[in-house]
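In: My questions are about this predicted structure, shown below with the sequence.
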Amino acid sequence: MGSPLDRIIHKLKYEGQANLASGLARALVGQVPPGSPEVSGILPVPLHRVRQRDRGYNQSSLLAAGLEASWGVPVLENIVTRRRPTAAQAQTPQEARALNMEGAFRVNQPKMAKSRSWIILDDVATTGSTLVEVARTLRASGASRSRLIVVALA
């Protein structure tokens, strides 16, 4: 396994070490400005309910909770949900990742999405397919802007 950051993220996602999210969030607070005050909320990339049940938590939600108070931007988890299970992106060939994510998300509260600006937060981006699909889904419901933030690029 690669860098110390790779090992930390692996422990957070696959070894049940949810406590590591707070330190990663603190690092993001210092590295990423929260943006303009008109940001409506932080949207952690949702897991499918089965994967979240199996893992016990959504690592992106834990990261978002660590940013909420520092940035003064609310975490709004239920605006977007994952409508179907998808293969893990890490095990999907790069050229198939966009197709794997196509149609995977749904906006549950279109009125909340419309004409608003969002921070979409995830732990890792490789091709960006997941983040792009969440942003596309929000845009189709009338969101005005999405800012994509990740802890690490793979």
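Out: Everything's here; your move.
In: where does the chain dip in pLDDT?
Out: 1, 33-37 (pLDDT under 70).
In: Helices of that one, start to end?
Out: Taking DSSP state H, the helices of the chain run over residues 4-14, 20-31, 49-55, 59-71, 97-101, 110-113, 129-140.
In: so which of the ones you listed gets nearest Val80?
Out: Each of the helices of the chain has some distance to Val80 by Cβ to Cβ; the shortest is helix 129-140, at 6.0 Å. (Each C-beta comes from the backbone N, C-alpha and C, glycine too.)
In: Would you mind pulling up the elements that the closest one packs against?
Out: If you count contacts as 3 or more Cβ pairs under 8 Å, 6 or more residues apart in numbering; DSSP states H and E, helix 129-140 packs onto strand 80-82, helix 97-101, strand 105-107, strand 117-125, strand 145-153.
In: can these go into JSON lines with extra columns for mean neighbour count?
Out: Formatted as JSON lines, these follow (neighbours: other Cβ atoms under 10 Å):
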{"stretch": "strand 80-82", "mean neighbour count": "22"}
{"stretch": "helix 97-101", "mean neighbour count": "17"}
{"stretch": "strand 105-107", "mean neighbour count": "19"}
{"stretch": "strand 117-125", "mean neighbour count": "22"}
{"stretch": "strand 145-153", "mean neighbour count": "18"}
